[in-house]
Structure formats: structure tokens, C-alpha cells
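Asks: Give me coordinates for this.
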Amino acid sequence: MKKRVLHYFITASLIVGLFVSCSTQKEALDISTEEKAVFDSQEEDAVEIKDDETEYEIIIIEPGFNAWLQSIARPEGYYTQSFLENRNQIMVINWNQRVIQPQRFNPNLYELQINYDPHIDYGYEVNYKLYNYFIYFQRKYNQRLGPFIPRI
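Replies: Predicted coordinates:
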């Protein structure tokens, strides 16, 4: 009798485990046809991210990013600077960890480390565009650079 109860318990546990594992899989992103068209764009234009007051600058050369930034991303002013700084700090840490692990993460996606110091005020524009690049990158390449689902 004990063996039969144990057998049913193990079978029930496996079924529940299978159900839970299926329901906790990575959530699929809802990407519109407009966004897909931007992702498929091969138009290469550099986006220069800089703040004239702080003299910090990033240049992103990614096909479609500028079009995505202009047409899909939330407008400047939508997020607070502290929100952007907090999210950027998390995503930079994850990005840099992936750069130093090319055997585990695609080295064609994660080529260079990002030198982002959370104690430096880079200004709103730098943080806004860096944050949006991370969102664009995660959505386009189906990556996750933190615990948050990359939503627009």
C-alpha cells in the first residue's frame, strides 16, 4: 500500500512539475509588424548619444535602431532619469558579464564592454538612449539583460 501511494505521489509531482515548468517559460514578446519591419531594416545609421554638459558620449551603429528610437520607443521625458539610471546599471552589469563569457554568450552580440559608472551623472539624453538601445537589443535579438521583460 505504501508503494502504491508513493507511486501516485511521484506521478502527481511529475505532472505538477511539468505544468509549472511549462507555465514559467520565458514570456514571448508582443512585437508588432511595424517593429518587425524596423528590426529587418538594413539601413545603417549611427546614433550618437552625448550630453554636451557632461561631455560623455556613446556611438551606436546598429541597423534600424535610429528608426526604432524615432517611431517605436517612448518619447523623451516619459521616464525619469533615476528610473533610466537604475535600469541601465542593471543591464550594463549583465551586458558586461556576457562580454567576458564568449563561450556561453554569442560574441557577435556582446562584443565590447560598456564603461558605465553609476556614480557619474551622464545626463538624461545619454541614459534615455542607452536604455532604449538595451530595450531595442533585447527585443530584436530575444535576449534578457535583467529580471524585467523588455517592454515599450
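Asks: C-alpha from now on. contacts and neighbour counts both.
Replies: Fine.
Asks: does Val47 really touch Ala67, like I thought?
Replies: No: using C-alpha atoms under 8 Å, Val47 is not in contact with Ala67, being 10.0 Å away.
Asks: and for the two, which residues touch both?
Replies: Counting by C-alpha atoms under 8 Å, 6 or more residues apart in numbering, Val47 and Ala67 have no shared contacts at all.
Asks: so who does Tyr128 touch?
Replies: The neighbours of Tyr128, taking C-alpha under 8 Å, 6+ apart as the test, are 76, 79, 81, 84.
Asks: Now it: phi and psi?
Replies: Torsion angles at Tyr128 (phi, psi; degrees, to the nearest 10) stand at phi -60, psi -50.
Asks: now it: how far from Asp40?
Replies: 23 Å (C-alpha to C-alpha, to the nearest Å).
Asks: Likewise for Arg139?
Replies: Applying C-alpha to C-alpha, the value for Arg139 to Asp40 is 12 Å.
Asks: Kindly report the same for Ala73.
Replies: 16 Å.
Asks: Could you do Pro75 as well?
Replies: Counting by C-alpha to C-alpha - Pro75 and Asp40 are separated by 22 Å.
Asks: Then Tyr136?
Replies: In terms of C-alpha to C-alpha, Tyr136 sits 12 Å off from Asp40.
Asks: more neighbours, those two?
Replies: Using other C-alpha atoms under 10 Å as the criterion, Tyr136 and Asp40 rank with Tyr136 on top: 25 against 11.
Asks: how about the nearest residue to the more buried one, chain neighbours excluded?
Replies: What sits nearest to Tyr136 in space, not counting adjacent residues and going by C-alpha to C-alpha, 6 or more residues apart in numbering, is Phe65, at 7.0 Å.
Asks: For that neighbour, which residues are in contact?
Replies: For Phe65, the contact set (C-alpha under 8 Å, 6+ apart) comprises 38-39, 45, 47, 133, 136.
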